[in-house]
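J.: coords please:
(one chain, ligands or ions: 1)
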Amino acid sequence: MGLMAAREAAEKWGISQRRVAILCGDGRIPGAERVGNMWVIPDNAEKPLDGRSMRYPKEKVALVKPFVKWAGGKGQLLVDIRKTYPSELGKSIKKYAEPFVGGGAVLFDVLSNYDMDAVYISDINAELMNTYRMIRDDVDGLINLLSALQTEYLPMDDEARKIYYYEKRDRYNELKVNGDSAINLESAALFIFLNRTCFNGLYRVNRKSLFNVPIGSYKKPTICDTDNLIAISNALKKVTIVCGDYRESRSFIDKDTFVYFDPPYRPLNATSSFTSYTEYEFDDTAQRELAEYVQELDKVGAYVVVSNSDPKNVNSDDNFFDDLYASQQINRVSASRMINSNAGSRGKISELLICNY
Ligand SMILES: C[S@@+](CC[C@H](N)C(=O)[O-])C[C@H]1O[C@@H](n2cnc3c(N)ncnc32)[C@H](O)[C@@H]1O
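T.: As a prediction, the model looks like this:
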């Protein structure tokens, strides 16, 4: 093993020499040593994830956690994502936007730990955003409906549960097609009920945009998590909830906004593809458009983090995101994911956390 100077590490990792010195001083680069007024670093040292964060304010508000299981949910990557939060979060940065909010693992982490002035969330999934709104605006009504569903469902045997589940699924789809499910308390309650009782908590729709996930096998699912719903309702009071495309966030975002983008992942291969959150696809053209939008926000001075899959897991020559985000910092973090749908096996793969600061 050889050694390199801070200047060489800075070049190799694409960050400033000053930043390398700070990371060394913080003890974040194993084996780094100070020689005179210089740092020397083992030449096989990995670039650490930028940890300019993790300084939570002393007073925490009530902890809130996602109310749905969501494909691509970021609960597991939260430890790494937190390390990318700008250190000014909750201080000079008092605005947060999450335009692909899904189950909101990062949203709820931010709401639980930082005092924000204004928060913006959006998603293209109308029923999901209706549920966020109903939790914010009529949590008591929602809890009444959910506790009735729970009281009826839990004592049933498997056969009765099956009949009940498919009846509720039909009703949910009927509201979607015939009713105005975008402003509907019943639809929100069914959305949570189906998420808690369906196979793997998946949300998937067919081409007609009807929810088509079969029943799951949870013995005692929590259908009505009253305390969490009330805590979420309070935390969402200052949150703007939008059903629509991520670009609608543009007028909210300014130089004091932290923006986290978690778009549908670019599929690594045909079997790992999961993009059916809605009837809309998120293909390579959409990924490129998102990168352009990130550039636009970069010019505004916003603090932006984007997550995505790492194509290099399957093809080391695939530079799709390295090219798209060439002017940003690209961090690779390790995640445990389903890697083979046939075997149902999980494995460690790398994922991307791209930062513009
Ligand atoms: C990877 S998931 C987000 C998961 C989320 N971070 C979590 O922790 O649960 C991506 C989300 O983007 C939404 N989506 C897809 N296309 C969109 C678009 N054009 N604008 C906004 N949201 C979109 C999907 O409905 C889905 O909920």
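
J.: what is the helix or strand bottoming out on mean pLDDT in the chain packed up against?
T.: Counting by mean pLDDT, DSSP states H and E, the weakest-scoring helix or strand in the chain turns out to be helix 17-25, with a mean of 77. The helices and strands touching helix 17-25, judged by 3 or more C-beta pairs under 8 Å, 6 or more residues apart in numbering; DSSP states H and E, are helix 6-13, strand 38-42. Using the backbone N, CA and C atoms, a C-beta is placed for each residue, glycine as well.

J.: let me know the angle separating that helix from strand 38-42.
T.: Here the directions of helix 17-25 and strand 38-42 differ by 70 degrees (axes from the mean of the first three to the mean of the last three C-alpha atoms, to 10 degrees).

J.: buried set for helix 17-25?
T.: By neighbour count on 16 or more other C-beta atoms under 10 Å, the buried set for helix 17-25 is 20-21, 23-24.

J.: which parts of stretch 321-338 are buried?
T.: 321, 324-325, 328-333, 335, 337.

J.: what do you get for stretch 148-155?
T.: Buried-residue list, stretch 148-155, by 16+ other C-beta under 10 Å: 149-150, 153.

J.: which of those residues fall within helices?
T.: 149-150, 153 (DSSP state H).

J.: mind checking how far the closest residue to residue 96 other than its chain neighbours is from the ligand?
T.: Distances taken as C-beta to C-beta, 6 or more residues apart in numbering place residue 119 nearest to residue 96, at 4.8 Å, with adjacent residues excluded. As judged by C-beta to the nearest ligand atom, to the nearest Å, residue 119 and the ligand stand 15 Å apart.

J.: residues near residue 119, how many?
T.: Neighbourhood size, residue 119 [other C-beta atoms under 10 Å]: 24.

J.: what residues are up against it?
T.: 95-98, 107, 110-111, 238-240 (C-beta atoms under 8 Å, 6 or more residues apart in numbering).

J.: flag the shaky bits of this protein, pLDDT-wise.
T.: Along the chain, the parts satisfying pLDDT under 70 run over 26, 50-62, 181-182, 270-280, 337-346.

J.: got CSV for the ones in helices among the buried residues of stretch 148-155, with distance to residue 70 too?
T.: As requested, those are exported to CSV (distance: C-beta to C-beta, whole Å):
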residue, distance to residue 70
149, 20
150, 20
153, 21
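
J.: the ligand next: which of those residues are close?
T.: Near the ligand, judged by C-beta under 6 Å from any ligand atom, there are no entries from those.

J.: which one of those residues sits closest to residue 299?
T.: residue 149 (47.9 Å; C-beta to C-beta).

J.: can I assume that closest one is in contact with residue 189?
T.: Yes - in this structure residue 149 lies within contact range of residue 189 using C-beta atoms under 8 Å: 6.5 Å.

J.: the residue nearest the centre of the chain and the ligand, how far apart?
T.: Closest to where the C-alpha atoms of the chain average out (C-alpha atoms, centre = their mean) is residue 74, at 4.5 Å. Residue 74 sits 4 Å away from the ligand, going by C-beta to the nearest ligand atom.

J.: that residue sits in which helix or strand?
T.: According to DSSP states H and E, residue 74 maps onto no helix or strand at all.

J.: could you pull out the strands for the stretch 101-250 of the chain?
T.: For the stretch 101-250 of the chain, strands defined by DSSP state E, counting those that start in this stretch occupy the ranges 118-123, 239-243.

J.: what's the most buried one of the ones you listed?
T.: Of all the strands of the stretch 101-250 of the chain, strand 118-123 carries the top mean neighbour count, a mean of 21, counting by mean count of other C-beta atoms under 10 Å.

J.: about what we covered before: quick one, which of the contacts of residue 119 are buried?
T.: For those, a burial check counting by 16+ other C-beta under 10 Å picks out 95-98, 107, 110-111, 239.

J.: switch the residues you listed over to JSON lines; also include distance to the ligand.
T.: Converted to JSON lines, the buried ones among the contacts of residue 119 look like this (distance: C-beta to the nearest ligand atom, whole Å):
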{"residue": "95", "distance to the ligand": "18"}
{"residue": "96", "distance to the ligand": "13"}
{"residue": "97", "distance to the ligand": "12"}
{"residue": "98", "distance to the ligand": "7"}
{"residue": "107", "distance to the ligand": "8"}
{"residue": "110", "distance to the ligand": "12"}
{"residue": "111", "distance to the ligand": "13"}
{"residue": "239", "distance to the ligand": "15"}
